[in-house]
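*Asks:* Fold the following and give me the result.
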Amino acid sequence: ARARSPRPSHHSMNDVDMDELHGRHRKLNCTTLEQGAALSEGVLWTRWVHRGDFEAVSQASLFVLHIEHFSSLVDAYVHVQTEMQTHSRRIISFLNSREDVTDTFSSEDALTG
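*Replies:* Below is the predicted model of the structure:
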């Protein structure tokens with residue numbers, strides 16, 4: 001799967017061949033996501049504005065965690081809430097220290113970077 005920005009308005013997935021799409025990948029600042037990659041994790045930790053469009057060019061599976069469910073689960077357990085607040089501060093500090101923030105960062109990036 002690839003995340004990219006901006007989305008060209010003159011093509012749809014039905015009329016783009018893979019070679020052309022891979023050529024655009026280089027021109028449009030696209031990112032190839034590897035297995036296990038995070039996408040839009042920022043929404044869990046802070047107010048988030050997505051940084052581009054996501055378009056899968058191959059078969060992919062996504063694990064979707066709705067923010068409402070995540071928040072209500074965290075709110076139900078005081079210890080978990082405390083840990084998540086600490087983690088959120090780490091994530092926000094990491095994001096504020098970077099100039100190249102994308103939708104593809106993960107908690108692992110913040111903890112090891």
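*Asks:* Just list what the longest helix along the chain packs against, helices and strands only.
*Replies:* For the chain, the helix with the greatest residue count under DSSP state H is helix 78-96. On a contact count with 3 or more CB pairs under 8 Å, 6 or more residues apart in numbering; DSSP states H and E, helix 78-96 meets helix 67-75, helix 107-112. No exception for glycine: its C-beta is placed from N, CA and C like everyone else's.
*Asks:* now it against helix 67-75, angle please.
*Replies:* Here helix 78-96 runs at an angle of 130 degrees relative to helix 67-75 (axes from the mean of the first three to the mean of the last three CA atoms, to 10 degrees).
*Asks:* And the contacts of helix 78-96?
*Replies:* 42, 45-46, 73-75, 101, 105, 107, 109-111, 113 (CB atoms under 8 Å, 6 or more residues apart in numbering).
*Asks:* let's see 10 Å
*Replies:* Residues outside helix 78-96 that contact it (CB atoms under 10 Å, 6 or more residues apart in numbering) are 41-42, 44-46, 48, 70-71, 73-75, 77, 101, 105-107, 109-111, 113.
*Asks:* Could I get the average pLDDT for that helix?
*Replies:* Per-residue pLDDT values over helix 78-96 give a mean of 93.
*Asks:* about what we covered before: list only buried entries from the contacts of helix 78-96.
*Replies:* E41, G42, L44, W45, V74, F105, S107, A110 (16 or more other CB atoms under 10 Å).
*Asks:* Turn the residues you listed into JSON lines, including pLDDT.
*Replies:* Shown next, in JSON lines, are the buried ones among the contacts of helix 78-96 (pLDDT from 0 to 100):
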{"residue": "E41", "pLDDT": "89"}
{"residue": "G42", "pLDDT": "87"}
{"residue": "L44", "pLDDT": "88"}
{"residue": "W45", "pLDDT": "88"}
{"residue": "V74", "pLDDT": "93"}
{"residue": "F105", "pLDDT": "86"}
{"residue": "S107", "pLDDT": "90"}
{"residue": "A110", "pLDDT": "86"}
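*Asks:* Which two among those are spaced furthest apart?
*Replies:* For the buried ones among the contacts of helix 78-96, the farthest-apart pair by CB to CB is V74 and F105; their separation is 20.0 Å.
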